[in-house]
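Student: Show me how the following folds:
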Amino acid sequence: MDNTQIVKFSMYEMEYKGGVTESNLPLILFKEKYYEQYKKLIDDCFYEMREALNIRPYEKHSNSLVEPKRLKENTYLLLNDEEIIGVFSFFENEIGNVAVNSKYRRQGYGRKLIELALSNMQKRRVSPIILTVAKWNKNAIALYKSLGFEIAKETIVEGVSTKDTAGNWTFEFTSTGGLALR
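Tutor: As a prediction, this is how the structure comes out:
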């Protein structure tokens, strides 16, 4: 059995070209008490894509293994009491790691999260506002286009999935085509 797999897939960088966006949702910075819930949400949300693109491990992505103290710097939550509805991160001028709890999907929360991110970035006069998305993710691309994003760049990214002697997989990007992938 091969312990290393090269993975290639297409990604889009999308740039916001819409108008001023307003959101009255609260911007709640990540708190460590939500770490386990956050990891599960990210794993659940991105599992199907990772499996389709053969990014191993399917169930654990490097983003879900980020230390809680680093998440406190740029990750925001949308909550229903103590349950995470969705998350996103800011990285300079980029919106990243947008994920909605499966219990809340198809209810407009993805749109609300992006509007919240856009509103806050516009208030800080961030420009241009970009995000990246796998070409595979047709639903997300349609959502982003409906919000005013346009495809600015398409590139092939490459990574390697490696299986250690204990049978655990890790994934690392080896080429991002100039995209700021995290």
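Student: alpha carbons only for contacts and neighbour counts from here, please
Tutor: Fine.
Student: Go through the chain and flag its longest strand.
Tutor: strand 149-163 (DSSP state E).
Student: who's the closest residue to F171 other than its chain neighbours bridged to?
Tutor: Sequence neighbours aside, S161 is the residue nearest to F171 in space, at 4.4 Å (criterion: Cα to Cα, 6 or more residues apart in numbering). In this entry, S161 is beta-bridged to Q5, F171, by DSSP bridges.
Student: residues contacting S161?
Tutor: Applying Cα atoms under 8 Å, 6 or more residues apart in numbering, we find S161 in contact with N3, T4, Q5, I6, V7, I55, R56, P57, W169, T170, F171, E172.
Student: Give me the longest helix you can find in the chain.
Tutor: helix 35-53 (DSSP state H).
Student: Which neighbouring elements make contact with that one?
Tutor: strand 4-16, strand 83-91, strand 94-100 (3 or more Cα pairs under 8 Å, 6 or more residues apart in numbering; DSSP states H and E).
Student: Going by neighbour count, which residues in the second one are buried?
Tutor: Going by neighbour count (16 or more other Cα atoms under 10 Å), the buried part of strand 83-91 is I84, I85, G86, V87, F88, S89, F90.
Student: got JSON lines for those residues, with distance to K112 and pLDDT too?
Tutor: Shown next, in JSON lines, are the buried residues of strand 83-91 (distance: Cα to Cα, whole Å; pLDDT from 0 to 100):
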{"residue": "I84", "distance to K112": "14", "pLDDT": "95"}
{"residue": "I85", "distance to K112": "11", "pLDDT": "96"}
{"residue": "G86", "distance to K112": "9", "pLDDT": "95"}
{"residue": "V87", "distance to K112": "11", "pLDDT": "95"}
{"residue": "F88", "distance to K112": "11", "pLDDT": "94"}
{"residue": "S89", "distance to K112": "14", "pLDDT": "91"}
{"residue": "F90", "distance to K112": "15", "pLDDT": "89"}
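Student: Looking at these, which one is closest to G18?
Tutor: F90 (18.3 Å; Cα to Cα).
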